[in-house]
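*Asks:* next input, structure requested:
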Amino acid sequence: MLDLQRCSPLRDDARLFSAAGFRIRELEPVTKLRVQGLHARGQYSAATDPKYLPERPNTICGVDPIALWKAPDDWLVYSQNLTARAMSDWVGAIRSEAPLVVTDVSSASVLLELSGSRTVDVLMRDCTLDLEGNAVPPGACAQTLFAQTTVMIHRDVSAETWRLLVERSVAMHVWEWLVDTAS
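*Replies:* Purely as a prediction, here's the structure:
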């Protein structure tokens, strides 16, 4: 029988790494939803409630769940505490001028948390964004190329932690790249 439990694509020994001024850990699997505005002919924006879904590029809304702006009328929402059912109810409360399409993408990516004084230096070794120039300010997000893969970077409001949402198929590659760069 097929086992549909969420499991990490990382090796068991590759879920926590620390070096001087840098720490990376894989967070426990979290509920992630992709929310998209469905457009009718001639309608260009879902015009959603900005308390729930961010309106501007590379911004976020909320604390838990957290909604990340991906593209116009396209958001990634994740929660470290809410179940898929609770997240569905949360989405159902969003006022929108267009129907919202919701897809559970919980197993599509892993969530890596990076912290420490060298984090920006490690990320900048192969990131296409100017992280020192505040391309991703605290409480913001951005999609970028990193270690030859596309990732979503989310910088915590405190500016002390960074989160990378990485596709499962390349998670081990990104992990090893980060470890090698920080070592």
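*Asks:* CA only for contacts and neighbour counts going forward, please
*Replies:* Noted.
*Asks:* and the helices in this protein?
*Replies:* 84-92, 119-124, 171-182 (DSSP state H).
*Asks:* please enumerate residues in contact with the first one?
*Replies:* Residues from elsewhere that reach helix 84-92 (CA atoms under 8 Å, 6 or more residues apart in numbering): 31-33, 65, 79, 104.
*Asks:* try 6 Å
*Replies:* Thr31 (CA atoms under 6 Å, 6 or more residues apart in numbering).
*Asks:* list the buried ones in it?
*Replies:* 84, 87, 91 (16 or more other CA atoms under 10 Å).
*Asks:* give the contact list for the spatially most central residue of the chain.
*Replies:* Ranked by distance to the mean C-alpha position of the chain (CA atoms, centre = their mean), the top residue is Leu165 at 4.1 Å. Listed by CA under 6 Å, 6+ apart, the contact partners of Leu165 are 110-111, 151-152.
*Asks:* ok, and the most crowded of the residues you listed?
*Replies:* Using other CA atoms under 10 Å as the neighbour test, the contacts of Leu165 are led by Val110, with 26 neighbours.
*Asks:* so who does it touch?
*Replies:* Val110 is in contact with 165-166, counting by CA under 6 Å, 6+ apart.
*Asks:* setting aside sequence neighbours, what's the nearest residue to Val77?
*Replies:* Of all residues not flanking Val77 in the chain, Ala67 sits nearest, at 4.2 Å (CA to CA, 6 or more residues apart in numbering).
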